[in-house]
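Asks: Turn this into a model:
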Amino acid sequence: MVAREIRHLYWFIRTLRRGLQDAPRRRYYRKIAGQKKRLLDAGVSKREVLDLLACCRSARCRFRACLDCSQPLFCVILLLTH
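Replies: Take a look at the predicted model:
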């Protein structure tokens with residue numbers, strides 16, 4: 001559920017307008033930092049957390065299947081083609 005929450009928070013950041021809504025953007029980044037710390041304290045490896053954050057920052061899943069991958073087949077295809 002933490003990974004889903006991080007993905008949800010990054011969606012809010014992507015939809016906010018830059019410059020006009022900086023305070024809410026900073027608030028979401030602080031919430032993400034708290035969730036990241038929670039994952040690290042739970043024993044998740046730093047590499048997995050960083051992969052999750054990279055995946056959530058983009059609109060689509062990136063090169064690796066992360067903890068909360070919404071497109072696992074797309075990730076596998078990308079892994080095989082690179």
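
Asks: For this structure, which segments are assigned as helices?
Replies: Under the criterion DSSP state H, helices of the chain are mapped to 2-15, 22-41, 46-57, 72-81.

Asks: Can you list the buried residues in the third one?
Replies: Under the neighbour-count criterion of 16 or more other Cβ atoms under 10 Å, helix 46-57 has 49, 51-53, 55-56 buried. Yep, even glycine has a C-beta here, placed from its N, CA and C like the rest.

Asks: before we move on, what about the first one?
Replies: Buried residues in helix 2-15, defined by neighbour count with 16+ other Cβ under 10 Å: 2-3, 5-7, 9-10, 13.

Asks: Quick one: list the elements packing against it.
Replies: helix 22-41, helix 46-57 (3 or more Cβ pairs under 8 Å, 6 or more residues apart in numbering; DSSP states H and E).

Asks: Just put the helices of the chain in JSON lines and tack on mean pLDDT.
Replies: Putting the helices of the chain into JSON lines (pLDDT from 0 to 100) gives the following:
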{"stretch": "helix 2-15", "mean pLDDT": "87"}
{"stretch": "helix 22-41", "mean pLDDT": "92"}
{"stretch": "helix 46-57", "mean pLDDT": "85"}
{"stretch": "helix 72-81", "mean pLDDT": "42"}
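
Asks: how many neighbours does residue 21 have?
Replies: By other Cβ atoms under 10 Å, 15 other residues sit near residue 21.

Asks: Apologies, that question was intended for residue 20.
Replies: Residue 20 - counted by other Cβ under 10 Å - has 9 other residues nearby.

Asks: gap between residue 37 and residue 51?
Replies: According to Cβ to Cβ, to the nearest Å, residue 37 stands 17 Å off from residue 51.

Asks: Can you tell me the centre-most residue of the chain?
Replies: Centroid-nearest residue in the chain, with Cα atoms, centre = their mean: residue 56, separated by 2.7 Å.

Asks: I'd say that one and residue 6 touch.
Replies: Yes - contact criterion Cβ atoms under 8 Å: residue 56 and residue 6 qualify, at 5.4 Å.

Asks: before we move on, back to that, how about the buried residues of helix 2-15 in CSV, adding distance to residue 31?
Replies: Formatted as CSV, these follow (distance: Cβ to Cβ, whole Å):
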residue, distance to residue 31
2, 11
3, 14
5, 8
6, 9
7, 12
9, 6
10, 10
13, 10
